[in-house]
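J.: need coordinates for the below:
(2 chains)
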Amino acid sequence: MDDTQLAAIVDAIVRELKESGAVKPAASSLDSQAASVSTNLSSPSVVPVKSRTSGSGVNLSIDLPDPTTPQARNTPRVKNPKDSNGLRALMASTTARIGVGRAGPRYSTASLLLFQGDHAVTQDALYRDVDQKLLDEFNLFTVQTKVKGGKQEYLLRPDLGRQLSDDAKRTINEKCQKNVNVQLVVGDGLSAAAIEANLRQIFPVVKQGVQNAGLTFGTPFFIKYARVGVMNDVGELVKPDVVVLLIGERPGLGRAESMSAYMGYKPKYGDTDADRDVVCNIFENGGTNPLEAGAYVVQIAQKMRKNQASGVKLKLAK
Amino acid sequence: MLLRTKLHGKIYEFPDIRLLMGKANEEKSGDRLAGVGAETAAERVAAKLILAEVPLSVLRENPAVPYDQDEITRVIQDAVDESVYNEIKDWTVGEFREWILSDTTTTEMIHRVSNGLAAEMIAAVTKLMSNLDLIYGAKKIPVTAHCNNTIGAPGTLSSRNQPNHPTDSPEGIRAEIYEGLSYGSGDSVIGINPVDDSYSSVSRLLDMTYDIIKTWNIPTQNCVLSHITTQMKCMQSGSPVGLVFQSIAGSQKGNDSFGISVGMIDEAYELAKKHCFPKGPNFMYFETGQGSELSADAHNGWDQLVMEARCYGFAKRYHPYQVNTVVGFIGPEYLYDARQIQRAGLEDHFMGKLTGIPMGCDACYTNHARADQNAIENLAVMLTAAGCNYFMGLPMGDDSMLSYQSTSFHDAPTLRQLFKLRPAPEFEKWMEDLGLIKNGVLTEKAGDPSIFLKR
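T.: This is a model prediction of the structure:
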């Protein structure tokens, strides 16, 4: 599929979704939120103004810009560089943290706190659950893998995260339509933030795309403590042609919003990554845009059905 | 074989040396995953009590993988100096611990005994050491090596300049190297982990780093940490290679999974002696890490500490310039949190030094381990006290290619100034000539990569 074709598919789906009110432009809703927050903070009725001379700090007003914007990140912290234009050029050549400056042999305060902020957002993504409200929005019921001991057990026992619990199997059997063309499943994986950042964009695109293609879209659900291998169990239970698993990736430093879509044709016990296809690095601004990724997923699902294969077998079938 | 003890009135018995060794380890998630970890804290100590009474000869006679099945076992056993071994084979592991720590045991005495040891003996005594034992014991065993400069001499601390880049951009890597050099990182090696393992990409990075070394006349060496077969091709084609690198495992099966063998490394070592541009005589660089054998199902049922010790016995065959464990890289299934990573880092450094190899450490963690930068800074302080040869130097400790965090360009000068240590002597002289360091302290000029934009 070439880029023009892909763009056309995305455009068509997004237009349709917008018309139906299913998708709002993400940026505008964020802007309005940010605007209302800052109005509150700067409102004189909330922050009382007192004389500066008191020295007690009660008139202190700290209202910082986000240090994680590209512009803030690329601010050189070296004091009196020999070649300040050259320093900027060096910094622009890599995403590594250079030109960060020092206090004695240690980091400048700004560089230290930016690093800690990036690590913090990564940690929060790992040890947090996906927001229930988001799951409710898409009517996703929740089942769990064999992990019973929380995040700790999830991290220690990758084998348990690849198997559905007996309760999960019962629930799925009761609630899910069987023998569908495409079964969409959402799993937390190693990043709740990745699901929260991308699901609102990608989910409607996949659903609509599948239905527009004249295929049946199975009953979607959410799996807590999921590893990629759990899609084998889903395949065995629901017997769909294609399983699509949206799952949070292991976070990089300051990048917790990266999601993957793993896909398999009639997944079954014993299938490995060699039997799967994946669209990875799904996130806005720098990764694979979630709207585009959704269109890709639909396209791959059609190809899998046509060739009755996925993974290495699908590559060989080309 | 009877291996039994009472502890607080309860009887503990272990069927064989393999399980005794596993259960005598400090807690590691990987040992649990392998099914050899202690079930209770008391069982762990019971195993240590028995292990303390085991003669060293029993450990030599029970290698983790049998001699006729594993070439790493053969490398280690064949290298044992039999006359030294005969002097110590009746010592118990507990006696061996006390001998290492004793104030009358000198560095020279330990260096001599190192040649009579097999990896399982080294792992056993490590299991009986507390953290401070490991620090104090290792500090007694400095191991130096020389390539274009000297690493590991007492009073020095070196830093690998690790300028990785998500797309191997030569410009981006060059910028990171400049930043690192301006902080005094690079006396161990300028060593890049490449994204692209191909000959053309690796040779291009070798040329680029060699150009920096020549332009600035830096007493150091370069290395591109590709698979060793790519580096062999580079050497044969005339690329400027400083150190020859490979990740290694402690069993033949583990090395199979890395696509290497003893014969292949032997061949690479001969090429290195012939083709590497530095003076030498040490040209090899190895990386290891607890858990890699288990992850390849190549541990033969043994615990990850024993398998790690065997890596060092393998490395010693090639008189390396530097060896480091990448201690937290493997993830929480093997080393769960900061405490386990710190313990493993201290163990690995001690075992390397007792083996007789010039040992450093990549003190690091991944984002899904229960650890943070503070934990890694703690480990670096402990290892510096232990006499660790070198650490990694990364831009603020953040590897933008491998997505993990390690020590930073800033950490080496901090630890040097804290512990009154210096860079490798030849490198310090170079830094002084450039005005980057004075009396062991960074000058105003340091920390500015733009000074390298014009020569």
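J.: what helix or strand does whichever residue of the stretch 51-200 of chain A sits closest to chain B sit in?
T.: Chain B sits closest to A:Thr94 of the stretch 51-200 of chain A, with a gap of 3.4 Å, by C-beta to the nearest C-beta. In short, each C-beta sits where N, CA and C put it, glycine included. Counting by DSSP states H and E, no helix or strand carries A:Thr94.
J.: quick one, what contacts B:Gly254?
T.: B:292-293, B:296, B:298-299, B:307 (C-beta atoms under 8 Å, 6 or more residues apart in numbering or on different chains).
J.: got it, and B:Pro55?
T.: Applying C-beta under 8 Å, 6+ apart, the residues near B:Pro55 are B:89-92.
J.: most centrally placed residue in the chain?
T.: Answering for chain A, as no chain was given. A:Ala194 (2.3 Å; C-alpha atoms, centre = their mean).
J.: my question was about chain B, not that one.
T.: B:Asn324 (2.0 Å).
J.: show me the contacts for it.
T.: So B:Asn324 contacts B:287-288, B:359-362, B:390, B:392 (C-beta under 8 Å, 6+ apart).
J.: what's the closest of these to B:Leu101?
T.: B:Met359 (18.5 Å; C-beta to C-beta).
J.: surely that closest one and B:Lys353 touch.
T.: Yes - with contact defined as C-beta atoms under 8 Å, B:Met359 reaches B:Lys353; the gap is 5.3 Å.
J.: residues contacting B:Val65?
T.: B:72-73, B:251-252, B:300, B:302.
J.: before we move on, what about A:Pro290?
T.: Counting by C-beta under 8 Å, 6+ apart, A:Pro290 has contacts A:198, A:201-202, A:205, A:259, A:282-284.
J.: also B:Ser203?
T.: So B:Ser203 contacts B:234, B:237, B:239 (C-beta under 8 Å, 6+ apart).
J.: likewise B:Gly345?
T.: B:325, B:327-328, B:361, B:363, B:379, B:382-383.
J.: next structured bit after whichever helix or strand it is part of?
T.: Using DSSP H and E, B:Gly345 maps to helix B:338-355. Going down the chain from helix B:338-355, the next helix or strand is strand B:359-362, by DSSP H and E.
J.: just checking, what packs against that following strand?
T.: strand B:322-326, helix B:338-355, strand B:390-393 (3 or more C-beta pairs under 8 Å, 6 or more residues apart in numbering or on different chains; DSSP states H and E).
J.: and among those, the most buried is which?
T.: strand B:390-393 (a mean of 29; mean count of other C-beta atoms under 10 Å in any protein chain shown).
J.: can you name the next helix or strand after it?
T.: strand B:398-399.
J.: and the helix or strand that that following strand is followed by, anywhere near chain A?
T.: For strand B:398-399, the following helix or strand on the C-terminal side (DSSP H and E) is strand B:404-405. Yes - counting by C-beta under 8 Å from any C-beta of the partner chain, chain A is contacted by strand B:404-405 at B:Gln405.
J.: contacts for strand B:404-405?
T.: Here strand B:404-405 has contacts from A:119, A:253, B:328-329, B:364-367, B:373, B:376, B:394, B:397-399, using C-beta under 8 Å, 6+ apart.
J.: quick check: the farthest pair among the residues you listed?
T.: A:His119 and B:Phe329 (16.5 Å).
J.: A:Asn307: what's it in contact with?
T.: Counted by C-beta under 8 Å, 6+ apart, A:Asn307 has contacts A:313-314, A:317.
J.: and the pLDDT at it?
T.: You'll see A:Asn307 listed with a pLDDT of 96.
J.: related to what we said a few turns ago, give me the phi and psi for the residue of the stretch 51-200 of chain A closest to chain B.
T.: Backbone geometry at A:Thr94, expressed as degrees, to the nearest 10, gives phi -150, psi 150.
J.: ok, now how distant is it from B:Glu179?
T.: 9 Å (C-beta to C-beta, to the nearest Å).
J.: show the backbone phi and psi for the residue of chain B found nearest chain A.
T.: Per C-beta to the nearest C-beta, B:Gly172 is where chain B lies closest to chain A, at 3.4 Å. With angles defined as degrees, to the nearest 10, B:Gly172 sits at phi -60, psi -40.
J.: assign the spatially closest residue to A:Ser84 that is not a sequence neighbour to helix, strand or coil.
T.: Nearest non-adjacent residue to A:Ser84, counting by C-beta to C-beta, 6 or more residues apart in numbering or on different chains: A:Pro76, 6.9 Å away. Following DSSP: H, G, I helix; E, B strand; the rest coil, A:Pro76 is assigned to coil.
J.: for the stretch 1-150 of chain A, what spans make up the helices?
T.: A:3-20, A:26-42, A:70-73, A:84-92, A:109-126, A:132-137, A:150-156 (DSSP state H, counting those that start in this stretch).
J.: worst mean pLDDT among the ones you listed?
T.: helix A:26-42 (a mean of 39).
J.: run through the chain and note the low-pLDDT ranges.
T.: You didn't say which chain, so I picked chain A. For chain A, the stretches with pLDDT under 70 are A:1-10, A:13-14, A:16-55, A:318.
J.: sorry, I should have been clearer: chain B.
T.: For chain B, no range has pLDDT under 70.
J.: any idea how far B:Arg44 is from B:Leu335?
T.: Taking C-beta to C-beta, one finds B:Arg44 at 17 Å from B:Leu335.
J.: out of these two, which sits in the busier spot?
T.: B:Leu335 (30 against 19; other C-beta atoms under 10 Å in any protein chain shown).
J.: what about A:Glu174, how many neighbours?
T.: 8.
J.: if we can go back for a sec, for the contacts of B:Val65, work out which two are farthest apart.
T.: B:Gln252 and B:Trp302 (13.6 Å).
J.: what about the longest helix seen in chain A and chain B, any contact?
T.: As assigned by DSSP state H, the longest helix anywhere in chain A is helix A:192-212. No - judged by C-beta under 8 Å from any C-beta, helix A:192-212 makes no contact with chain B; its nearest approach is 12.1 Å.
J.: so what does that helix touch, helix or strand wise?
T.: Using 3+ C-beta pairs under 8 Å, 6+ apart, helix A:192-212 is in contact with helix A:3-20, helix A:109-126, helix A:132-137, strand A:182-187, strand A:242-248, strand A:259-265, strand A:276-282, helix A:290-307.
J.: spit out the contact partners of the residue nearest to B:Ala296 when sequence neighbours are not counted.
T.: Residue nearest to B:Ala296 in three dimensions, not counting chain neighbours: B:Ser257, with 4.0 Å by C-beta to C-beta, 6+ apart. With contact set as C-beta under 8 Å, 6+ apart, B:Ser257 has these partners: B:249, B:296, B:298.
J.: touching, the first one and B:Met307? I think so.
T.: The reference is to B:Ala249. Yes - judged on C-beta under 8 Å, B:Ala249 makes contact with B:Met307 at a distance of 7.4 Å.
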